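>>> Coordinates only, no sequence provided:
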């Protein structure tokens, strides 16, 4: 469904992604891992068309996505930092995105799930980081998109909301969607991922299941497996 | 695009600054007309304010809006909307809300002092349209500068410098070069030079219509001699249109390539 071909991206002299290629052919949860600055967010932003690759291209269902914008109605994106225009109210930002995308959506159940009803008339600038992240989650999951991109989805969430989020991700996966996640919380990755793509200095240094990675590094859990790769 | 425009526009209309800007023009209009009690004189005084002030406000608002709405822009970029639509919609939101502040702010006092019963309605409309032109031009230039500079301080600095250049430095340079090259025929040079500054252009455009030769200045007089009043008006008008379009085209082209 998603084919990444030789993606290369530099910011100034810093090469963030160096000829990265891989395919995601089946539905399921793919975690993109790597230390800070390994190019995870840059890759996701290239997939979304927010960053423009220097070389290479990405195919979504066989179509080149560069210079296109329509494919984005097949993708829901949860950005790393929940930043919104400060002077908009929660209900305004939700109705704005609904209006712009103009697709069937179901925000009400998510608003209820995350207890946002009492914040609907609050301005986004006055909300705490965690609450803003919940708004972010509502905006991402309210559409029924076949691809979901989650960049650090757990940032600032309390444990109760985290459990709800995990359940939500699993529910979406069961619908046969492709879900891309980046996270530094290894327990989350281990629990959810069907596949792991490990980026290091702009290259893919491992792609496969969590079990394979553990077997390859001869370790008990994912955290140690990652540490072992980084040390070697 | 109308949706993006709608959200940018309502966002700006709700911010206090466009109301302050509107109130400023209301006050200025009423005070001027109260003191002069003559619409024609009011227009001449306002012209001097507008040709300096609208570019400045357009520049500051353009840069400020671009940097402040980065979150909004990023939110939109992940949606199935064309980049050109996002940026053009936001640009229209800023320019139209500022132009409306100008038009409403000056329109109300002039209407109250009997604009329709006077013979200067065309002059007044020309004044408003040149103010609107300058707003559209300088907002586009300012957003271009912001797009090229990720660093806010630099972006602000360059934008203010750009305004200062067109509003003050340009005239100084013109004057200086006229003095230095006084022995040479400078008519064509001066004519071309006035085409290259939108502030000069709109000043000339209004003065040609008002037909006050004492205020035209050297380039204005040249303009009148070279083109005559009507052709001069058309020439300056079309140059202002050109000045509006090229920064917009640059803005959209740069926006297509930028990383967010």
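Ah, there it is. Computed from a predicted structure; not experimentally measured.

>>> Surely residue A:69 is in contact with residue B:81?
Yes - applying CB atoms under 8 Å, one finds residue A:69 in contact with residue B:81, separated by 6.2 Å. Any C-beta I mention is one placed from the backbone N, CA and C, and that applies to glycine too.

>>> more neighbours, these two?
A count of neighbours by other CB atoms under 10 Å in any protein chain shown puts residue B:81 above the other of residue A:69 and residue B:81, at 20 against 17.

>>> So the more buried one: helix, strand or coil?
Counting by DSSP: H, G, I helix; E, B strand; the rest coil, the backbone at residue B:81 sits in coil.

>>> residues in contact with it?
A:69, A:72, A:100, B:4 (CB atoms under 8 Å, 6 or more residues apart in numbering or on different chains).

>>> Would you write out the PyMOL command that picks the buried residues out of these?
Per 16 or more other CB atoms under 10 Å in any protein chain shown, the buried members of the contacts of residue B:81 correspond to this PyMOL selection:
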select buried, (chain A and resi 69+72+100) or (chain B and resi 4)
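
>>> Give me the subset of the contacts of residue B:81 lying in helices.
Using DSSP state H, the subset of these located in helices is A:100, B:4.

>>> List the contacts of the closest residue to residue B:236 other than its chain neighbours.
Nearest non-adjacent residue to residue B:236, counting by CB to CB, 6 or more residues apart in numbering or on different chains: residue B:205, 4.1 Å away. Residue B:205 makes contacts with B:126, B:130, B:232, B:233, B:236, B:237, B:240, as judged by CB under 8 Å, 6+ apart.

>>> farthest-separated two in the contacts of residue B:81?
Pairwise distances across the contacts of residue B:81 (CB to CB) peak at 14.7 Å, for the pair A:72 and B:4.

>>> that older thread, can the contacts of residue B:205 go into JSON lines with extra columns for neighbour count?
Conversion of these to JSON lines gives the following (neighbours: other CB atoms under 10 Å in any protein chain shown):
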{"residue": "B:126", "neighbour count": "21"}
{"residue": "B:130", "neighbour count": "26"}
{"residue": "B:232", "neighbour count": "21"}
{"residue": "B:233", "neighbour count": "18"}
{"residue": "B:236", "neighbour count": "28"}
{"residue": "B:237", "neighbour count": "17"}
{"residue": "B:240", "neighbour count": "21"}
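
>>> secondary structure class for residue A:133?
helix.

>>> So residue B:183 belongs to a helix, correct?
No - counting by three-state DSSP, residue B:183 falls outside a helix, being coil.

>>> gap between it and residue B:147?
Distance, residue B:183 to residue B:147, using CB to CB, to the nearest Å: 44 Å.

>>> Neighbour count for these two, which is higher?
residue B:147 (19 against 6).

>>> quick one: contacts for that one?
B:66, B:251, B:254, B:255, B:258.

>>> The lowest-mean-pLDDT helix or strand in chain A packs against which elements?
The helix or strand of chain A with the lowest confidence, counting by mean pLDDT, DSSP states H and E, is helix A:222-231 at a mean of 84. Applying 3 or more CB pairs under 8 Å, 6 or more residues apart in numbering or on different chains; DSSP states H and E, one finds that helix A:222-231 makes contact with helix A:186-192, strand A:195-200, helix A:210-217.

>>> can you do 6 Å?
If contacts are counted by 3 or more CB pairs under 6 Å, 6 or more residues apart in numbering or on different chains; DSSP states H and E, helix A:222-231 sits against helix A:186-192, helix A:210-217.

>>> Is the residue of the stretch 101-250 of chain B at minimum distance from chain A part of a helix or strand, or is it coil?
Proximity of the stretch 101-250 of chain B to chain A (CB to the nearest CB) peaks at residue B:150, 10.5 Å away. Following three-state DSSP, we place residue B:150 in the coil state.

>>> Any chance of the backbone angles for it?
In this entry, residue B:150 is assigned phi and psi values of phi -70, psi -30 (degrees, to the nearest 10).

>>> count of neighbours near it?
So residue B:150, with other CB under 10 Å, has 12 neighbours.

>>> Could you list the low-confidence segments of the stretch 51-200 of chain B?
Applying pLDDT under 70 to the stretch 51-200 of chain B flags no residue at all.

>>> got the residues of it near chain A?
B:71, B:72, B:77, B:78, B:79, B:80, B:82 (CB under 6 Å from any CB of the partner chain).

>>> before we move on, back to that, residue A:151: which of the helices and strands packed on helix A:222-231 is closest?
helix A:186-192 (13.2 Å).

>>> How far does the closest one sit from its chain's centre?
14 Å (CA atoms, centre = their mean, to the nearest Å).

>>> which residues are in contact with that helix?
A:29, A:31, A:183, A:210, A:222, A:223 (CB atoms under 6 Å, 6 or more residues apart in numbering or on different chains).

>>> Which among these count as buried?
Buried among the contacts of helix A:186-192 by 16+ other CB under 10 Å: A:29, A:31, A:183, A:210, A:222.

>>> mind giving me TSV with those and columns for distance to residue B:15?
Rendered in TSV, the data for those read as follows (distance: CB to CB, whole Å):
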residue	distance to residue B:15
A:29	42
A:31	41
A:183	37
A:210	49
A:222	47
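
>>> Tell me the one among the residues you listed nearest to chain B.
residue A:183 (18.7 Å).

>>> show me the contacts for that closest one.
Per CB under 6 Å, 6+ apart, neighbours of residue A:183: residue A:189.

>>> what do you get if the cut-off is 8 Å, keeping everything else the same?
A:31, A:33, A:150, A:152, A:153, A:154, A:189.

>>> For the last one, the count of nearby residues, please.
The one in question is residue A:189. Neighbour count of residue A:189, defined by other CB under 10 Å: 21.

>>> same deal with the fifth one?
Neighbour count for residue A:153, taken as other CB under 10 Å: 26.

>>> Could you do the third one as well?
Counted with other CB under 10 Å, residues neighbouring residue A:150 total 28.

>>> Return the set of residues that bridge with it.
Beta-bridge partners recorded for residue A:150 (DSSP bridges): residue A:78, residue A:181.

>>> coming back round to it: may I ask which helix or strand encompasses the residue nearest to residue B:236?
helix B:198-210 (DSSP states H and E).

>>> Quick one: list the elements packing against the next helix or strand after that helix.
As assigned by DSSP H and E, the chain's next helix or strand after helix B:198-210 is helix B:213-257. In terms of contacts (3+ CB pairs under 8 Å, 6+ apart), helix B:213-257 is packed against helix B:83-112, helix B:121-148, helix B:187-195, helix B:198-210.

>>> so which of the ones you listed gets nearest residue A:110?
Residue A:110 lies closest to helix B:83-112 among the helices and strands packed on helix B:213-257, at 25.5 Å (CB to CB).

>>> From the chain's centre, how far out is the closest one? Work that out for me.
11 Å.

>>> Any part of stretch A:97-117 near chain B?
Yes - using CB under 8 Å from any CB of the partner chain, stretch A:97-117 reaches chain B at A:97, A:99, A:100, A:101.

>>> sorry, that was for stretch A:32-51
Yes - residues of stretch A:32-51 are located near chain B by CB under 8 Å from any CB, namely A:45, A:48, A:49, A:50, A:51.
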